[in-house]
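Asker: here is my input; please provide its structure:
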Amino acid sequence: MTENKFLVWTKYTVRRRGWLFENLDKRRLKNVGLAGFNYLFRNKRLSSWPMVLKIDLSPLCNLHCSACIHSKGSDLRLTSDQRMDLGRFSKIIAEVQKSGQTLAVSMYYLGEPFIHPDVDQMCRIARDAGLNVHLSSNFSFDFSDERIASIARSGLTHLTVCVDGATQETYGLTRVGGRLRVVLDNLERLGRFKRENHLRYPNIEVQIVKFPHNLHEIPKIREVVAKCGVDQVSEIIGKDSMTETGPDNGRIYTPLRQKGIPSCFWPYLGMVIKYNGDVIPCCIYRKGLQYIPSEHQGVVGNVFETSVSEVWNNEVYQEIRRFVINPGIVARNPVYKDSFCFGCEHIMK
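Answerer: As a prediction, this is how the structure comes out:
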């Protein structure tokens, strides 16, 4: 199952329209314009700030989903102390708040955000800084009514919950270790609390990741989650394994032809920050290499050693933008084979 890339990004923007655009003011609108200008004019050093920060509060997870880096038998090396502490998170948000230009913070990457004991407080810190706040979760936790209320009032503006089956048998093929009954109960109680207390947020989205084994249940999934009072339901096409998104030394890569605009807009619009402050330029590529012993993680800087703004325009980031502007540069300068983006389907085949 494949989709046109333009269609995929259009659907993504429609899905994320709320947490991207609901808090637009003059400074943020100006930043959106500058980001577009920098992208269209193929600038390498940017006058704009990242529109979205994606922060992995912790790479830990409570499930072993079949397509995930957490699947059983993976080479993942994780320990219980791999969590971003509240002070360091607050430092990032304070810098972003001072700039007044970033639209949203999405507080997950490869981990489950509700693993983190301070996630509700982190949502409040980010929301009080004027940011839209997004979490994506499997939501398979034994939440009390008090915790459901805390989540609803935390400042979270957008919650994505993955429900990939209408029966436990189908759901469990993907969400290994997850409990569909618990997920649906949490959704129903969160939706009810939101309605009874006349809350605008969080916007509750159910995401269905489509695989051959669950296509027949999609109409039923939509019916079941509608009864929980969710605000929207989205469908995306799943991959057999996210660990496939990385360079394979056994392959020969050919750069795609240079276009009038950069081949990827991630280095212009968003930044991914891991729990330890390491920064990578996107959340799509090299997923399977981020938390295993590897020389190919593609880290471009660390926001705890410098700052968000310094990393955003450092030499490594500028070289990545040069690469997505002209993928053919790798043929003349082999140093780009060490770039995070080397082998990515957006710039190479």
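
Asker: tell me the helices in this structure, going along the chain?
Answerer: For the chain, the helices defined by DSSP state H cover 5-15, 17-21, 26-40, 86-99, 119-128, 145-152, 168-174, 180-196, 218-226, 266-269, 308-312, 315-325, 329-332.

Asker: model confidence score at R251, please.
Answerer: On pLDDT, R251 comes in at 81.

Asker: just put the helices of the chain in a markdown table and tack on mean neighbour count.
Answerer: All C-beta spots, glycine's among them, are computed from the backbone N, C-alpha and C. Putting the helices of the chain into a markdown table (neighbours: other CB atoms under 10 Å) gives the following:
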| stretch | mean neighbour count |
| --- | --- |
| helix 5-15 | 12 |
| helix 17-21 | 17 |
| helix 26-40 | 16 |
| helix 86-99 | 16 |
| helix 119-128 | 20 |
| helix 145-152 | 16 |
| helix 168-174 | 17 |
| helix 180-196 | 18 |
| helix 218-226 | 16 |
| helix 266-269 | 23 |
| helix 308-312 | 18 |
| helix 315-325 | 20 |
| helix 329-332 | 14 |
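
Asker: and the ones you listed: which comes nearest P212?
Answerer: For the helices of the chain, distance to P212 was read as CB to CB. The smallest value, 10.3 Å, belongs to helix 168-174.

Asker: so what touches the closest one?
Answerer: 65-67, 163-165, 178-181, 209, 211, 213-214, 217, 238 (CB atoms under 8 Å, 6 or more residues apart in numbering).

Asker: can I get the helices of the chain in TSV including mean pLDDT and distance to N276?
Answerer: Below are the helices of the chain laid out as TSV (pLDDT from 0 to 100; distance: least, CB to CB, whole Å):
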stretch	mean pLDDT	distance to N276
helix 5-15	62	27
helix 17-21	70	25
helix 26-40	95	27
helix 86-99	97	9
helix 119-128	98	16
helix 145-152	98	26
helix 168-174	96	29
helix 180-196	98	30
helix 218-226	97	35
helix 266-269	95	21
helix 308-312	98	13
helix 315-325	97	17
helix 329-332	92	29
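
Asker: in strands, which of the contacts of helix 168-174 fall?
Answerer: Here DSSP state E is the test, and those give V209 as lying in strands.

Asker: just the buried members of the contacts of helix 168-174?
Answerer: Among the contacts of helix 168-174, those scoring as buried are 65-67, 163-165, 178-180, 209, 211, 214, 217, 238 (criterion: 16 or more other CB atoms under 10 Å).

Asker: about what we covered before: show me the one of the helices of the chain that comes nearest Y108.
Answerer: Per CB to CB, nearest to Y108 of the helices of the chain: helix 119-128, 9.4 Å.

Asker: tell me the angle that closest one makes with helix 86-99.
Answerer: 10 degrees (axes from the mean of the first three to the mean of the last three CA atoms, to 10 degrees).

Asker: the inter-axis angle of helix 119-128 versus helix 145-152?
Answerer: With the same axes, to 10 degrees defining the directions, helix 119-128 sits at 30 degrees from helix 145-152.

Asker: the chain should start at 2 in everything you say after this.
Answerer: Noted, 2 is the first residue going forward, which turns the last one into helix 120-129.

Asker: how far does helix 120-129 sit from the chain's center?
Answerer: Its chain's C-alpha centre and that of helix 120-129 lie 17 Å apart, by CA atoms, centre = their mean, to the nearest Å.

Asker: ok, back up a step: kindly reformat the helices of the chain as CSV containing distance to M349.
Answerer: Compiled in CSV, these are given as follows (distance: least, CB to CB, whole Å):
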stretch, distance to M349
helix 6-16, 14
helix 18-22, 28
helix 27-41, 20
helix 87-100, 32
helix 120-129, 35
helix 146-153, 41
helix 169-175, 29
helix 181-197, 38
helix 219-227, 33
helix 267-270, 15
helix 309-313, 24
helix 316-326, 10
helix 330-333, 8
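
Asker: nearest to P256, of those?
Answerer: Set against P256 and scored by CB to CB, the helices of the chain come closest in helix 330-333, at 5.5 Å.

Asker: helices or strands next to the closest one in the packing?
Answerer: Packing partners of helix 330-333 (3 or more CB pairs under 8 Å, 6 or more residues apart in numbering; DSSP states H and E): helix 316-326.

Asker: I209 is in contact with I222, isn't it?
Answerer: Yes - the pair I209 and I222 passes the contact test of CB atoms under 8 Å, sitting 5.7 Å apart.

Asker: any shared contact partners between the two?
Answerer: 164-165, 215, 234.

Asker: state the pair within the residues you listed that is farthest apart.
Answerer: Greatest spatial distance among the shared contacts of I209 and I222 (CB to CB): N215 and V234, at 13.8 Å.

Asker: mind listing the shared neighbours of these two?
Answerer: With contacts taken as CB under 8 Å, 6+ apart, the residues that reach both N215 and V234 are 209, 222.

Asker: just to revisit the earlier point, and of the helices of the chain, who's closest to G251?
Answerer: Among the helices of the chain, helix 330-333 comes nearest to G251, with 17.7 Å by CB to CB.
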